[in-house]
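In: Any chance you can model this:
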Amino acid sequence: MLKSFVRACAQKLFAGAIMVVLAPALLVGHEIIQSGVGIGGANAHEKSQSFSKWRSTEKGIAVIFTVAARQVTLLPPVNPNAPSLERTLSQHLDNTITLSKSEAPCIASGFSPRKARPGFISMENYFMCPDEDIEDDNKVKISIDSFMDYAETHIHFAQFKNETGQYRGYLFNYDRRQDVLSLESDGNMIAEDIGLIKTFFRYIHIGITHILSGADHLIFLLGLLLLTNRLRDIVLVVTGFTIGHSLTLGLSAMKIVSTQSAIVEGLIGFTILVVAAEAVMARRNLMWLAGGVFALMLFFMGLYSITLEAPMPINGWAGLMLFAVAYGFYSQNLKIVRQTLPIIVVIFGFVHGFGFAGVLVEAGLPNNRLLSALIGFNIGVEIGQLLIVAIVWFGFFRYMHTRFSEKLRGAITDFAGIAMCGIGMFWFASRLLI
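Out: Reported below is the predicted structural model:
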């Protein structure tokens, strides 16, 4: 009787906790770095990315280039005896960013440091293009090769001031390093429209690259594999995850809902922590203990966050505590966890969708190709997810489920789950408390 009462209460608490735990992700206010380009995706997913912002001025075409300091360590130092990240980046940009007009090179003043947020380096430069007498010759070719020969997955997001006076982003990557823009008399820089089909396939490529280079999303998918024992189930779960993140991705990209990136990225770590803990504790019917212990940890983390300028408000910590306790008591065994998993991955997909939105905000969605870009990006993410799942499942998990003893399978699951718990906890705490 007592056990049934506790479970009934847990079910009600769990339903309420689902709504409460999502509230922090909906807080308004997306972070913007001083160069005017969002850093949520770069900082959060630890990918190889850089950003630039271009505008036409009386001095010429001005550019501000921003990249995480850790990315500059990929480059050979200018002077190994006295290494300087700023000098190294300045020389690299001088060699890899060029402009030309009518096949004649534009003269650059040279990249010089400017103030940037902690952990990032910003450089600025001016390009003077030749004044040709050719009528209507206002085309400027921009070539950006920065970091691409050192990291093939590197993505550069360039923002150009368009005809509306706002900045619109364009993507540069290993296979696409040039763009041609029209330099208008009013100072606007307008890129040529690549068309509906090319936009669609370009954003498919962005989606595939994003999921394959996003460590946190990949680890979350691997955590789901630990909780399933049939390929049909994992495909269903991954598709549910896609449905969840597609919804919030669309809402964010269309600016219907805005998010605070630090909270979203912390919650992504939380989703990894939950699925990894389930893989270890649900088999032992100890999720109630895991939920209680983690709720206690959240209580002290919430108190500590008050002393910091932490992004998560106190009601957010309270919501996570409620979720931990309710879900811990609700998930009494592995069977219940597997039954609940499709719903959970949709909910967690909401959180990851806000994370995916960061890269699209940075890349800049074309206003006249918004639907094509969103559909292409989601298809690319789904292709990348299914590709990873297929490789890992047929490469290892299928063999493990059919050939390994139950004891050995349990040991492997425990080792992987504990490792993922540690990674998820690190990302969760570091993103919300530092």
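In: Helices of the stretch 251-400 of the chain, start to end?
Out: 261-281, 287-306, 314-330, 334-363, 370-392, 398-403 (DSSP state H, counting those that start in this stretch).
In: for the fifth one, packing partners?
Out: When contacts are defined as 3 or more CB pairs under 8 Å, 6 or more residues apart in numbering; DSSP states H and E, helix 370-392 packs onto helix 196-213, helix 215-226, helix 231-253, helix 334-363. (Each C-beta comes from the backbone N, C-alpha and C, glycine too.)
In: Which one, of the ones you listed, ends up nearest to K115?
Out: Closest to K115 of these, according to CB to CB: helix 334-363, at 20.2 Å.
In: and the closest one with helix 196-213, angle?
Out: Between helix 334-363 and helix 196-213, the angle comes out at 130 degrees (axes from the mean of the first three to the mean of the last three CA atoms, to 10 degrees).
In: E124 versus L227, what's the distance?
Out: Computed as CB to CB, to the nearest Å, the L227 to E124 distance reads 49 Å.
In: Look at the two and report which has more neighbours.
Out: More neighbours surround L227 than the other of L227 and E124, with 23 against 18 (other CB atoms under 10 Å).
In: any idea how far the more buried one is from Q339?
Out: Taken as CB to CB, the span from L227 to Q339 is 11 Å.
In: low-scoring stretches of the chain, by residue?
Out: 1-47, 132-137, 161-169, 182-195, 253, 259, 358-369, 434 (pLDDT under 70).
In: Could you pull out the helices in the stretch 1-150 of the chain for me?
Out: All helices of the stretch 1-150 of the chain, identified by DSSP H, counting those that start in this stretch, fall at 2-22, 40-45, 69-72, 85-96.
In: gap between the last one and the chain center?
Out: Once both centres are worked out by CA atoms, centre = their mean, to the nearest Å, helix 85-96 turns out to sit 26 Å from its chain's centre.
In: residues in contact with it?
Out: With CB atoms under 8 Å, 6 or more residues apart in numbering as the contact definition, helix 85-96 has outside contacts at 65, 67, 69, 72-73, 75-79, 108, 110-113, 121, 123, 125, 144-147.
In: Now do the buried residues in that helix.
Out: Using 16 or more other CB atoms under 10 Å as the test for burial, helix 85-96 gives L85, E86, T88, L89, S90, Q91, H92, L93.
In: Strands of the stretch 51-200 of the chain, start to end?
Out: Along the stretch 51-200 of the chain, counting by DSSP state E, counting those that start in this stretch, strands occupy 60-68, 97-101, 104-105, 107-108, 112-114, 120-128, 139-144, 155-161, 167-172, 178-183, 189-191.
In: if we can go back for a sec, nearest to I208, out of the helices of the stretch 251-400 of the chain?
Out: Distance to I208, taken as CB to CB, is lowest for helix 370-392 among these, at 4.3 Å.
In: Including distance to S252, could the strands of the stretch 51-200 of the chain go into TSV?
Out: Shown next, in TSV, are the strands of the stretch 51-200 of the chain (distance: least, CB to CB, whole Å):
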stretch	distance to S252
strand 60-68	22
strand 97-101	30
strand 104-105	40
strand 107-108	36
strand 112-114	29
strand 120-128	23
strand 139-144	26
strand 155-161	16
strand 167-172	15
strand 178-183	25
strand 189-191	23
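In: quick one, which of these is packed in tightest?
Out: strand 155-161 (a mean of 24; mean count of other CB atoms under 10 Å).
In: Determine the angle, from 0 to 180 degrees, between that one and strand 139-144.
Out: With the same axes, to 10 degrees as the basis, strand 155-161 and strand 139-144 are set at 150 degrees to each other.
In: can you give me the angle strand 155-161 makes with strand 97-101?
Out: Angle between the axes of strand 155-161 and strand 97-101 is 40 degrees (criterion: the same axes, to 10 degrees).
In: Any idea how far strand 155-161 is from the middle of the chain?
Out: On CA atoms, centre = their mean, the centre of strand 155-161 falls 17 Å from that of its chain.
In: before we move on, what about stretch 252-270?
Out: The chain centre lies 10 Å from the centre of stretch 252-270; the measure is CA atoms, centre = their mean.
In: One more: stretch 378-395?
Out: On the basis of CA atoms, centre = their mean, stretch 378-395 sits 17 Å off its chain's mean C-alpha point.
In: buried stuff in stretch 332-343?
Out: The neighbour-count check on stretch 332-343 (16+ other CB under 10 Å) flags Q332, L334, V337, R338, L341 as buried.
In: try stretch 207-223
Out: Within stretch 207-223, the residues that qualify as buried by neighbour count (16+ other CB under 10 Å) are 207-214, 216-223.
In: now for the residues you listed, which pair is the farthest apart?
Out: Pairwise distances across the buried residues of stretch 207-223 peak at 21.8 Å for T209 and G223 (criterion: CB to CB).
In: For the helices and strands packed on helix 370-392, give me TSV that also has distance to I418.
Out: Output for the helices and strands packed on helix 370-392, formatted as TSV (distance: least, CB to CB, whole Å):
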stretch	distance to I418
helix 196-213	25
helix 215-226	11
helix 231-253	21
helix 334-363	17
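In: So which of those is nearest I263?
Out: With distances scored as CB to CB, the stretch of these nearest to I263 is helix 334-363 (8.9 Å).
In: Grab the nearest non-local neighbour of S146.
Out: T96 (4.4 Å; CB to CB, 6 or more residues apart in numbering).
In: circling back: select, out of the helices of the stretch 251-400 of the chain, the one closest to S56.
Out: Closest to S56 of the helices of the stretch 251-400 of the chain, according to CB to CB: helix 334-363, at 21.7 Å.
In: now the angle between helix 215-226 and the closest one, please.
Out: Orientation of helix 334-363 against helix 215-226 (the same axes, to 10 degrees) gives an angle of 160 degrees.
In: starting at the chain centroid, how far to helix 334-363?
Out: Offset of helix 334-363 from its chain centre (CA atoms, centre = their mean): 13 Å.
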